[in-house]
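1. quick check, what structure comes out for this input:
(one chain, ligands or ions: 1)
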Amino acid sequence: MYTKEIEITLLQLAKDLLRKLQQKESITDLDETLDGLRRVIIYNDWRYYVQSEPVLSDYEYDQLYAWLKELEAANPDKVSADSPTQRVAQGLTKAFPTVQHLVPMLSLENSYDADDLNDWDRKAREISGLDEIEYCIEPKFDGASISLIYENDRLTRGATRGDGVSGEDITTNIRQIRSIPLSASFATHGIQSIEIRGEVLINKNTFKAYNEQRAADNLPPLANPRNAASGSLRMVDPREVAKRGLEAFLYHMSYHTMEDGKTEPDEIRTHSNTLDMLSSLGFRSPSKQMKIVKGIKGVIDYVLAFEKERDSLPYEIDGMVIKVNDYALQDKLGMTTHHPRWAIAYKFAARQATSKLRKVEFQVGRTGSVTPVAKIDPVPIGGVTVGSISLFNEDVVREKDLKIGDTVLVERAGDVIPYIVKSLADLRNGEEEDIKFPTHCPVCHEPLFKPEGESVWRCINLTCEAQVVERMIHFVSKDAMDIRSLGESNVRKFYGLGIMKNIPGIYKMDFDKLAELEGFGKKSLTNLQTAIEQSKSQPLHRLVFGLGIRYVGETTAKTLANAVNHLLDLREWTEEQVLALEDIGPKVAGSIQQFFQTEDNIHMLQELEALGINLKSTKADHPVGGSLDGQTFLFTGTLNKLKRSDAEAMVEEQGGKILGGVSSKLNFLVVGDDAGSKLEKAKKINTIRILSEDDFLNLMQSPATEQ
Ligand code: IVH
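-> Purely as a prediction, here's the structure:
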C-alpha cells in the first residue's frame, strides 16, 4: 500500500508537521495541513497496528493527533468521515440492530489428522477431475468472526456472525479497531463494493495485562482471549472498546461488485492474491503466514510443522484452514448447506480435558479475598498438568452448578490460566455433594464479610497471617520490587521461621540466621543480599504497585508515582485530587485515599524510607516522549561499536528490559555479527523487530514505541 518513496515522503511530512507545531508556525493552508496530519496519522496507525513497526514515538503521535483534533474542532465543516479522529465515538450504543449478511457466513468442516485431509482432498479431486489441487493454507484464528462492507472505498458496515444468516450491526465498535482501515482504495482494483470477513482477536499480552488489571480491581478474569474478543465487540460504550486493544485479521472475500464496465482483475482470481491485495490496501491479512502448496502431502507437512509454532505466536490459533486457491475451482466444488467443499479446518490437539472435581479449598489473598480453588485429578492439557483451578468467587460456583464429585470440562488456552468450562451434569450418580462456603477465615478464623453488591467473601483482619504473607509475596514479585531470589516459597519459609514478619522485615533479615538454614550456601545468600539491596533503588512506581493497595494495578501505580515528588505527599491529597488523575475512578481514588490515611501504612512507609528504600519519584516514573518503558530487548551475535553490557545498560536507562531468550514477549532483537539460532527463531515471530547495531543506535537517539 505504501511504496518506499511514499513512506519516505510521509516521514518527511511528519517531521515537517512536528517542527511546525514545535515552532508554533502559523498555518498557511488549512486544507493541506489537515490532509497532511490525517495521512501521517493513518500511515503510523498502519505501521503500528498492521506492521507492528511504528515510525513515530507515542509522544509524537499524540501531539499530531491532538493538533488534528484541535483544527477539526475549530473547523467542524472540514471533518471527514474517514478522519482518524472519527474512530472515537461519543455516547453509548442503545442496541445492535440485526442485519442480513449479503452471503451466509458458513462454518467450516473440521479435520483432525492426515487421514481426514486425504479423504477431503480425494473428494475434491474426484469432483474437479484434477490429479493435483493447489491449496492455500493459513492459520485458523481463535477469535470472533466479523463481516465488513466497503462501498466506494469507505467502510459502511461491520457486523458479527450471529447465526450465519444475520448478525448484529457493530459498525461503531468496529471503527475503534485501528488495524481496520476506515477507507481503502478498492477502486484501484476496479471494485465498487465488497464484503470481507475476518476474525477479531486480543493478543496474548494484551489479554494478560487486561486480566492483571481485573485482578487488581478484584474482578474475576475473563476466561480466554476468544471470549474477551467477542465480549469486547458487543460492548455498549465504544470508548471502552477502543481501550481493549482489539486486532483484526481479514481472510476472506465473500462478495464484490465491479465498477461499471470493469472486468475482474487477476488479483481477485485466487484466494492468495486476494490476501495479498488486502495487505496491500492496508488490512492485516494472513498473507505473510499463508503457504501455497500443490497436493495434499505438502498441506499435511505444513500444518504439522505449524502446530509446533503455535505457542510462539502472539495470538491464539486453534488450527489451520486449508482453502482451494483458485476461485473458479472453488465455484466448481460449491458448498453444502453447512460448509464450503473448497475449504476445511485442520484442528490442533484440543486444549480441553475432563477430570473429577475432588474438593474445593479456600485461599486468602493479600486483600483478604477468599477464593475457592478446585482440586481436580491432575490432567495434562496442552503440555501442562493441571490439578488446581481457581473458581474466583461464589457466584461462579453457583452459575456453573458445580458439585464435589462432578466430572468437569477444563480448558486452557495457550499460556492462559486454566478454567472450568462446565460440569457434565449427565454423568452424576447422586453421590455428589454441594460446595459449602466458609463463614470464618480458614487461616485466622475471624468471621468473613461480603460487602453489598460484591461476590467475594473477605477476611477483614489486616493482621491475618495469610494476608501478611501474600502481601510480602506480592511486594517481592517480578513486576513489583523484583527481589529475584526471594520467591514465594522462601517468603513462606522465612515467615514461618519468624525470620521476617512483614514488608519492612525483608530489609531487616538476620543473615546469620539464614546461613544456618539448610540449602542456603554462601553464594545464594550473597545473591539474595544483593537483590534486596538493589531493590531499595527501584523506581517509585514499583514500590507503589508492590504495596498491594486495593484496585491499584501497574498502570495506576505509574500514574500515582508520576503525580508526586515523594510518596508520602499523598497523605495531604484529598480524594478529589486523586480522582482528577488520569483514568482513576471513584472506587480506586477512595481506596488510595484510605490507604494513605491509615496510620499503620504511613508508619510502614516511614520505616521503609529509614531502611533506605526509595520513596521519591525518579526519571523512570515520568513517561516522557521516546522512553522505552515496557519495551523488551535481546542482543545476539557480536556487536562492533558497543560493548554488549553498555548497550544493555542504555536500554535499561530508558526504561526498557533485557530478556533472556526469544519469545513472543520480545519486542526488539539486536543482531550483531555471526548471529545464530536466536535470529532464526525471532524471524518466525512476526511481531519481533530485528535491528542491526546501527538501527539500534538510531533508535536510541529517537526511541519508537512498540505495540
Ligand atoms: S474461512 C466460507 N479462514 O473459523 C469460509 N475462517 O470454524 C469462511 N476462522 O466461522 C471461513 N480463521 O470464524 C476462514 N483463516 C480463516 C479462519 C476462519 C478462523 C473461523 C471463522 C469460521 C470458523 C469456522
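
2. name the residue of the stretch 501-650 of the chain that lies nearest to the ligand.
-> residue 632 (28.1 Å; Cβ to the nearest ligand atom). Using the backbone N, CA and C atoms, a C-beta is placed for each residue, glycine as well.

3. who does that residue bridge with?
-> residue 657 (DSSP bridges).

4. what's near enough to touch it?
-> 656, 657, 658, 659, 665, 666, 667, 668 (Cβ atoms under 8 Å, 6 or more residues apart in numbering).

5. out of the residues you listed, which end up buried?
-> For those, a burial check counting by 16 or more other Cβ atoms under 10 Å picks out 656, 657, 665, 666, 667, 668.

6. which of those lies closest to residue 537?
-> residue 657 (16.4 Å; Cβ to Cβ).

7. now for residue 192, how many residues are close by?
-> A count of neighbours around residue 192, defined by other Cβ atoms under 10 Å, yields 16.

8. and the residue of the stretch 301-450 of the chain found nearest the ligand, helix, strand or coil?
-> Nearest to the ligand in the stretch 301-450 of the chain, going by Cβ to the nearest ligand atom, is residue 321, at a distance of 4.0 Å. Here residue 321 is recorded as strand under DSSP: H, G, I helix; E, B strand; the rest coil.

9. helix or strand for the spatially closest residue to it that is not a sequence neighbour, which one?
-> Nearest non-adjacent residue to residue 321, counting by Cβ to Cβ, 6 or more residues apart in numbering: residue 140, 4.9 Å away. Residue 140 belongs to strand 134-141 when assigned by DSSP states H and E.

10. then residue 378?
-> With DSSP H and E as the test, residue 378 turns up in strand 369-381.

11. what angle do the helix or strand following that strand and strand 369-381 make?
-> Downstream of strand 369-381, the first helix or strand assigned by DSSP H and E is strand 384-390. Angle of strand 384-390 versus strand 369-381, following axes from the mean of the first three to the mean of the last three Cα atoms, to 10 degrees, is 160 degrees.

12. which other residues reach strand 384-390?
-> Against strand 384-390 from outside (Cβ under 8 Å, 6+ apart): 353, 355, 371-380, 410, 412, 417-420.

13. still on that earlier bit, my read: the residue of the stretch 301-450 of the chain closest to the ligand touches residue 110, true?
-> No: taking contacts as Cβ atoms under 8 Å, residue 321 lies outside contact range of residue 110: 10.5 Å.

14. quickly list what's touching both of those two.
-> Joint contacts of residue 321 and residue 110 (Cβ under 8 Å, 6+ apart) are 344, 345, 346.

15. show only the entries of those residues found in strands.
-> 344, 345, 346 (DSSP state E).

16. coming back round to it: check the shared contacts of residue 321 and residue 110 against the ligand, which are close?
-> residue 345 (Cβ under 6 Å from any ligand atom).

17. now the chain against the ligand: closest residue?
-> For the chain, Cβ to the nearest ligand atom, closest residue to the ligand: residue 145, 3.2 Å.

18. neighbours around that residue, how many?
-> Residue 145 has 22 nearby residues by other Cβ under 10 Å.

19. and if you look at residue 693?
-> By other Cβ under 10 Å, neighbour count at residue 693 equals 19.

20. excluding chain neighbours, what is closest to it?
-> residue 639 (5.3 Å).

21. residue 362: what secondary structure?
-> strand.

22. can you pull up the bridge partners for it?
-> residue 372.

23. so it touches residue 443, yeah?
-> No: using Cβ under 8 Å, residue 362 makes no contact with residue 443, being 9.2 Å away.

24. Throw the ones in strands among the shared contacts of residue 321 and residue 110 into CSV and include pLDDT and neighbour count, thanks.
-> Below are those laid out as CSV (pLDDT from 0 to 100; neighbours: other Cβ atoms under 10 Å):
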residue, pLDDT, neighbour count
344, 97, 26
345, 96, 18
346, 97, 27
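
25. more crowded one of residue 321 and residue 110?
-> Shown here are residue 321 and residue 110; by other Cβ under 10 Å, residue 321 has more neighbours (21 against 13).

26. residues touching the more buried one, list them.
-> 108, 137, 138, 139, 140, 251, 343, 344, 345, 346.

27. near the ligand, which residues of the stretch 151-300 of the chain are found?
-> Going by Cβ under 6 Å from any ligand atom, the residues of the stretch 151-300 of the chain near the ligand are 199, 251, 252.

28. which of these fall within strands?
-> 199, 251, 252.

29. and which of those is nearest residue 87?
-> residue 199 (19.7 Å).

30. which elements pack onto the strand holding residue 378?
-> strand 352-364, strand 384-390, strand 407-411, strand 457-459 (3 or more Cβ pairs under 8 Å, 6 or more residues apart in numbering; DSSP states H and E).

31. and the residue nearest the centre of the chain?
-> Centrality entry for the chain: nearest residue to the mean C-alpha point is residue 206, 1.4 Å, by Cα atoms, centre = their mean.

32. isn't it right up against residue 245?
-> Yes: under the criterion of Cβ under 8 Å, residue 206 makes contact with residue 245 at 4.0 Å.

33. number of residues surrounding residue 584?
-> When neighbours are counted by other Cβ under 10 Å, residue 584 comes out with 20.

34. what sits against it?
-> 556, 559, 578, 592.

35. let's see if you can find the most crowded of those.
-> Busiest of those [other Cβ under 10 Å] is residue 556, holding 27 neighbours.

36. can you read off the pLDDT for that one?
-> Residue 556 is assigned 89 on the pLDDT scale.

37. looks to me like it is in a strand.
-> No: Residue 556 is assigned helix when assessed by three-state DSSP, not a strand.

38. tell me the SS of residue 53?
-> Applying three-state DSSP: residue 53 is coil.

39. which residue packs closest to it, ignoring adjacent ones?
-> Residue 53 sits nearest to residue 47 (Cβ to Cβ, 6+ apart), 5.3 Å away.

40. tell me the bridge partners for residue 419.
-> residue 411.

41. low pLDDT regions in the stretch 551-700 of the chain?
-> The stretch 551-700 of the chain contains residues with pLDDT under 70 at 619, 622-627, 686.

42. for it, which segments count as helices?
-> 554-563, 575-579, 586-596, 599-610, 644-653, 677-683, 693-701 (DSSP state H, counting those that start in this stretch).

43. circling back: the host helix or strand of the residue of the chain closest to the ligand pairs with which strands?
-> In this assignment (DSSP H and E), residue 145 forms part of strand 144-151. Its sheet considered, strand 144-151 pairs with strand 154-160 (antiparallel), strand 191-202 (antiparallel) by DSSP bridges.

44. give me whichever of these is most buried.
-> strand 191-202 (a mean of 23; mean count of other Cβ atoms under 10 Å).

45. quick one, what contacts residue 517?
-> residue 497.

46. dihedrals phi and psi, it?
-> The phi and psi torsions at residue 517 (degrees, to the nearest 10) take the values phi -80, psi 150.

47. start to end distance for stretch 391-407?
-> Taking Cα to Cα, to the nearest Å, stretch 391-407 runs 15 Å from one end to the other.

48. just the mean pLDDT for that stretch, thanks.
-> 92.

49. for the residue nearest to residue 693, grab the count of nearby residues.
-> 18.

50. and it, how far from residue 663?
-> According to Cβ to Cβ, to the nearest Å, residue 639 stands 22 Å off from residue 663.

51. residues in contact with residue 224?
-> 207, 316, 411, 413, 416, 419.
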